[in-house]
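Peer 1: fold the following for me, if possible:
(2 chains)
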Amino acid sequence: MILVNNRDKLDWRAGMTVRDILSMMGYSYKLITVTVNGTLVPKEEHDTFAVPDGAEVTVFHLSHGG
Amino acid sequence: MIFARNVPGMTEVLKRATVGIAGCGGLGSNAAMLLTRAGVGRLVLVDFDKVEESNLNRQYFFRSDIGAPKVSALAAHLRAINPTVMLDLHETMLSRETAAATFAECDILIEAFDRAEAKEWLIEAWCASHPDRPIIGASGIGGYGRSEVMTVRQAGNIHMIGDGISDMVMGLCAARVMLAAALQANKAIELLMQKSEGRP
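Peer 2: The predicted structure is shown next:
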């Protein structure tokens, strides 16, 4: 089981990547920050980083304005 | 005594703290003002830009600042509040490569950029160089009203303020931008106090 944004639960499967989770969640935002168990996963690793079972995944969408 | 009405114990802790502020626009200038009033001893301020009239709808500047570098104009305002605040001023365009060294001595970094692309690389760069130190970003501060959807989310050492959705294409309103800046400053103070008390 993967917990996304402390709210949504996804079934875990072996080899599941950050990209898979973003896709399953329907997130299409281009500019995001993703953490797995509190550690940032750099953007270039989203396609390859294997998310462990039981992980807590947080996705921050980054929008313009400051 | 400027800090006579501070929360007991806060002044001594914040005086020893250094907070970095990446960008001195709507978020950064207001967060810097709030942290100075709170008693943070040292701020590292970075911005490449100059004050424009269109900044005055939300940023901590005045008509007489127009045309001046944001970091020096802001420094004058902060020193007018507390002459003893130590300020490291960098009138420069930050990059992924320079961010780590620029903020090397900071206990906490406040991400106060305008562009989402810059927010993204700054958070990545900070987490890579200083994974044990907090970064407080903001995303989703556009429009007005909807105070109830302004949240403070955390994952590890990343803290994110805002509604996570709204964008500056909606326009930016001082009340909502300052609300986000105040939440960033408040979180920074909270984290500094927690650290001083040995709390995680």
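
Peer 1: which residues in chain A form helices?
Peer 2: Counting by DSSP state H, the segments of chain A that form helices are A:18-25.

Peer 1: which residues of it lie near chain B?
Peer 2: A:31-33, A:35, A:37-40, A:42-43, A:56, A:58, A:60-66 (C-beta under 8 Å from any C-beta of the partner chain). In this view, the C-beta of every residue, glycine as well, is placed from N, C-alpha and C.

Peer 1: if we use 10 Å, what do you get?
Peer 2: Taking C-beta under 10 Å from any C-beta of the partner chain as the test, the list of chain A residues beside chain B reads A:5-6, A:29-44, A:56-66.

Peer 1: residue contacts, the closest residue to chain B within chain A?
Peer 2: Per C-beta to the nearest C-beta, A:Gly38 is where chain A lies closest to chain B, at 3.1 Å. Residues in contact with A:Gly38 (C-beta atoms under 10 Å, 6 or more residues apart in numbering or on different chains) are A:55-56, A:58, B:154-158.

Peer 1: returning to what we had before: for ChimeraX, write a command that selects the buried ones of the residues of chain A next to chain B.
Peer 2: Buried members of the residues of chain A next to chain B, defined by 16 or more other C-beta atoms under 10 Å in any protein chain shown, are picked up in ChimeraX with:
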select /A:31,32,33,34,35,36,40,41,43,56,57,58,59,60,61,62,63,64,65,66
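
Peer 1: ok, so of the contacts of A:Gly38, who is nearest B:Gly23?
Peer 2: B:Ile158 (16.9 Å; C-beta to C-beta).

Peer 1: number of residues surrounding that closest one?
Peer 2: 22 (other C-beta atoms under 10 Å in any protein chain shown).

Peer 1: do the same with B:Gly41
Peer 2: Using other C-beta under 10 Å: B:Gly41 sits among 18 other residues.

Peer 1: surely it and B:Asp88 touch.
Peer 2: No: between B:Gly41 and B:Asp88 there is no contact under C-beta atoms under 10 Å: 11.7 Å.
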